[in-house]
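Asks: Got a predicted model here, sequence first, then my questions.
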Amino acid sequence: MATRRPHEEPAYVLHRYDWSESSLILDVFTRHQGRVALVAKGAKKPTSNFRPILLPLQPLRVSFGGESEIRNLKGAEWVGGHVMPTGDALLSGLYLNELLMRLLARDDPHQVLFDAYAAVVQVLASEHGEALEPALRAFELLLLREIGLLPLLDAQTLTMAPLIGAERYSLVPEGGLRQSHADDRASLSGAQWQSLQRGLQDGAPFLATLRACAEVANGLKPQLRALLHYHCGVATLHTRRMMIDLQSL
């Protein structure tokens, strides 16, 4: 059972909701407690110490307590280290937040995933735009693996037959990893899938998977998107729709 009075817990705000004229409900991703709901009383007041720091994509340390499902925020401190992402990077960060809120159960810790999220946020806040797509794909893979929704990537899912390096395979929502069909939107070679699996099994999985994604991000993107939408139960995520609408302006 999760500790009820965490102190200075590494955390990120995923989303915030108005609760009253002066307070907020926060959906927060913490390193040791997982995803939790907190009430920040008085956080909307101009004089509140919480007001300028309870923002998404900012590293925090929070303290909270209480026995109810929505616990009381006792303290919050901005850790610093980077500025708020902007533009496409900001939308990408909000997209990751939506995935976490849809797919992570409350009070279910995932320390490896938290560390990967923190690493992606640093990429989003940097000026290294070329790393954005591989970082997003690496995080999506780790998220699916951590919650048990990603099949092994070095074998065909239904038969468990090992992949052949030069053959093409596709990851599909209802069938896992299979040999590519003519109607598959995208595919990767067996050698590329095997490289991704080795990355996920590495002692530093985010960095290793990021390197493996660098050469295959474009082919991986539609396959992971279909899998994520399938498990989220939606045709298009809210943040994805926002990106599409902005691009059409």
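Replies: Perfect, thanks for sending it. Numbering: from 1, shown residues only.
Asks: how close does the residue nearest to the spatial centre of the chain get to residue 88?
Replies: For the chain, the residue nearest the mean C-alpha position is residue 96 (4.2 Å; Cα atoms, centre = their mean). In this view, residue 96 and residue 88 are 13 Å apart by Cβ to Cβ, to the nearest Å. Where C-beta positions appear, they are placed from N, C-alpha and C, glycine not excepted.
Asks: For the chain, just list every one of the helices.
Replies: Along the chain, counting by DSSP state H, helices occupy 87-103, 111-125, 132-146, 190-201, 205-213, 217-232, 238-247.
Asks: How far does stretch 129-139 sit from its chain's centre?
Replies: A distance of 12 Å separates the centroid of the chain from that of stretch 129-139, by Cα atoms, centre = their mean, to the nearest Å.
Asks: ok, now stretch 18-30?
Replies: Centroid displacement of stretch 18-30 relative to its chain, using Cα atoms, centre = their mean, is 20 Å.
Asks: what comes up buried for it?
Replies: Neighbour-count burial for stretch 18-30, counted by 16 or more other Cβ atoms under 10 Å, picks out 19, 23, 24, 25, 26, 27, 28, 29, 30.
Asks: Using CSV, lay out those residues together with distance to residue 37.
Replies: Output for the buried residues of stretch 18-30, formatted as CSV (distance: Cβ to Cβ, whole Å):
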residue, distance to residue 37
19, 11
23, 13
24, 11
25, 6
26, 7
27, 6
28, 8
29, 11
30, 11
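Asks: Just the closest of those to residue 221, please.
Replies: residue 29 (23.3 Å; Cβ to Cβ).
Asks: Might one say that that closest one is in contact with residue 115?
Replies: No - applying Cβ atoms under 8 Å, one finds residue 29 not in contact with residue 115, separated by 11.4 Å.
Asks: list residues touching both of the two?
Replies: Shared contacts of residue 29 and residue 115 (Cβ atoms under 8 Å, 6 or more residues apart in numbering): none.
Asks: least confident pick among the buried residues of stretch 18-30?
Replies: The member of the buried residues of stretch 18-30 with the lowest pLDDT is residue 19, at 92.
Asks: Does it touch residue 42 like I think?
Replies: No - the criterion here is Cβ under 8 Å, and residue 19 misses it with residue 42 at 10.6 Å.
Asks: Domains in the chain, by residue range?
Replies: When the chain is parsed with automatic domain parsing, its domains come out as 9-78, 87-247.
Asks: Residues contacting stretch 197-208, please?
Replies: So stretch 197-208 is contacted by 112, 115-116, 119-120, 138-139, 141-142, 145, 152-154, 209-213 (Cβ under 8 Å, 6+ apart).
Asks: if we go to 10 Å?
Replies: 112-113, 115-120, 135, 138-139, 141-142, 144-146, 150-155, 163, 177, 195-196, 209-213 (Cβ atoms under 10 Å, 6 or more residues apart in numbering).
Asks: Could I get the buried residue list for it?
Replies: 197, 199, 200, 205, 206, 208.
Asks: again, but for stretch 101-115
Replies: 103, 104, 110, 113, 114, 115.
Asks: Quick check: pLDDT value at residue 240.
Replies: Here, the pLDDT recorded for residue 240 equals 64.
Asks: just use 4 as the starting number from now, easier for me
Replies: Okay, using 4 as the starting number, the last item reads as residue 243.
Asks: So how do I select the buried members of the contacts of stretch 200-211 in ChimeraX?
Replies: Of these, the buried ones go into a single ChimeraX selection, burial set by 16+ other Cβ under 10 Å:
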select :116,118,119,120,121,122,123,138,141,142,144,145,147,148,149,153,154,155,156,157,158,166,180,198,199,212,213,215,216
